[in-house]
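Participant: Below: sequence and its predicted model.
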Amino acid sequence: MRYLTAGESHGPQLTTILEGVPAGLELTEEMINEELQRRQKGYGRGRRMQIEKDQIQITSGVRHGVTMGAPIALIVQNNDFKHWRKIMGAAPISPEEQEDVKRKITRPRPGHADLNGAIKYGHRDMRNVLERSSARETTVRVAAAAVAKRILAEVGVKVGGHVLEIGGIKAEKLQFSTLKELQDRTEASPVRCLDEEAGEKMMQAIDDAKKQGDSIGGIVEVIVEGMPIGVGSHVQYDKKLEAKLAAAIMSINAFKGVEVGIGFEAAHRPGSQVHDEIQWTEEEGYTRRTNNAGGFEGGMTTGMPIVIRGVMKPIPTLYKPLESVDIDTKEPFKASIERSDSCAVPAASVVAEAVIAWELAVAILDQFSHDRMDSLKESVDRHRKYAKEF
Ligand SMILES: Cc1cc2nc3c(=O)[nH]c(=O)nc-3n(C[C@H](O)[C@H](O)[C@H](O)COP(=O)(O)O)c2cc1C
Ligand SMILES: C=C(O[C@@H]1CC(C(=O)O)=C[C@@H](OP(=O)(O)O)[C@H]1O)C(=O)O
């Protein structure tokens, strides 16, 4: 299974095409819209999120709410496009407007893709970079992953995400009994945090950063339950599923770090306090007493929950500008006032869930390769039974 995305942040629409989705999967626009709305809800976003009301249009690959095994095309319209038609070159410009509308962006923002992208592609107008480097693209990544989540649900795999930290404020009360409870509680929190008290402080920190013209980052966590044992492989570097998940997290705009299980903490502990002891019971098969490995050994799933965290840096576009250089004049400047988010960590936790769900669904389809959902389910069930009795 694979997908590509296309679309500019202020262009007419975003598109994704998915190939390799098995036939016989129930899929409706409502199912995908639910995920798109979750991405839009997080506290700390700028004015753009009030303009956009992301809605999916399925234009191929699904008939009467069921996939056909054919490529699936998904489209989201950008509501903001109507304000950008001229700038995007999609509407005529009068001679008086020429100067204003065609004004180039020549002042790269530290922390964004502007300067590197301009040099790489030879763009003297850095709008040609920012339009595509914008995290607006994550809308259709979440849409593609909504399909992956449907596949996972059918084979008994659940994915949940939440916010652990924003602007140095850490969530302490992290207990939950089921992923459903985690999801319900994070859905009720504007910062998608399980700890209500910390959540309030996070919102305050976001407001403070905004007032000061600054931005803040944080840490998100994704938890996956129900992955069968032995998905991925130790035999080749590019078959290690743990590495694919790490790359998926790092592919999200503004993510600078990732850890699995106890992650960096493993450096400080002796092996006896790191490795998860193995046990076997007739009802559950092989399980572990602890889950410090976060669900992976040898690049393969252990059958324990996958626990993966990602670090998001603060948003680069600042009202309080940092020093940079105009690429035309080579003069330093300090003014770059643009509409922007002050914190997108809550929204990014939904994106993190999405990219993980996608990789896991791909791994399951690679391993249990099937064109039909019913035979895929049978294979996964057979494998679960085999692994339990092994
Ligand atoms: C959900 C989300 C929203 C974002 N919103 C903004 C924003 O409003 N302004 C901004 O400068 N960067 C924003 N970013 C971050 C930039 O897209 C990102 O820093 C940029 O693409 C450069 O890539 P890099 O940070 O991964 O190196 C956002 C990221 C995410 C995940
Ligand atoms: C549009 C989205 O996020 C955008 C990501 C983004 C960036 O630079 O990454 C910059 C902002 O765009 P704009 O300049 O149009 O306000 C965000 O709003 C979205 O998440 O749907």
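Facilitator: Alright, I've got the coordinates. Residues are numbered from 1 along each chain as shown. Ligands and ions are numbered 1, 2, ... in the order given.
Participant: Any stretches of the protein with poor pLDDT?
Facilitator: Applying pLDDT under 70 to the predicted model, the residue ranges of the chain that meet it are 335-338.
Participant: Which single residue of the stretch 51-200 of the chain ends up nearest ligand 1?
Facilitator: Taking C-beta to the nearest ligand atom as the measure, the point where the stretch 51-200 of the chain comes nearest ligand 1 is Ala135, at 3.3 Å. Where you see a C-beta, it was placed from the backbone N, CA and C, and this is true even at glycine.
Participant: count of neighbours near that residue?
Facilitator: One way to gauge burial is a neighbour count; for Ala135, by other C-beta atoms under 10 Å, it gives 18.
Participant: Now do the contacts for it.
Facilitator: Taking C-beta atoms under 8 Å, 6 or more residues apart in numbering, we find Ala135 in contact with 252-254, 344, 351.
Participant: so how far is ligand 2 from it?
Facilitator: Per C-beta to the nearest ligand atom, to the nearest Å, Ala135 is found 4 Å from ligand 2.
Participant: go on, Thr301?
Facilitator: Counting by C-beta to the nearest ligand atom - Thr301 and ligand 2 are separated by 31 Å.
Participant: doesn't His234 make contact with that residue?
Facilitator: No. Contact status for Thr301 versus His234: not in contact, 11.6 Å apart, counting by C-beta atoms under 8 Å.
Participant: Looking at the two, which is more packed in?
Facilitator: More neighbours surround Thr301 than the other of Thr301 and His234, with 23 against 12 (other C-beta under 10 Å).
Participant: Distance check, that one against ligand 1.
Facilitator: As judged by C-beta to the nearest ligand atom, Thr301 and ligand 1 stand 26 Å apart.
Participant: which residues pair with that residue across the strands?
Facilitator: Each beta-bridge partner of Thr301 is listed here: Phe296, as defined by DSSP bridges.
Participant: Run through the residues that contact it.
Facilitator: Residues touching Thr301, when contacts are defined by C-beta under 8 Å, 6+ apart, comprise 227-232, 241, 295.
Participant: Quick check: the gap between it and Lys320.
Facilitator: As defined by C-beta to C-beta, to the nearest Å, Thr301 lies at a distance of 44 Å from Lys320.
Participant: for Glu283, same thing?
Facilitator: When distances are taken as C-beta to C-beta, Glu283 and Lys320 turn out to be 58 Å apart.
Participant: just Phe333 next, same as before
Facilitator: 14 Å.
Participant: Repeat that for Ala361.
Facilitator: Counting by C-beta to C-beta, the gap from Ala361 to Lys320 is 41 Å.
Participant: Would you mark the buried spots in stretch 204-219?
Facilitator: Within stretch 204-219, the residues that count as buried by 16 or more other C-beta atoms under 10 Å are 205-206, 209-210, 214-219.
Participant: Give me the more crowded residue out of Glu283 and Lys320.
Facilitator: A direct count of neighbours by other C-beta under 10 Å for Glu283 and Lys320 places Lys320 higher, at 12 against 6.
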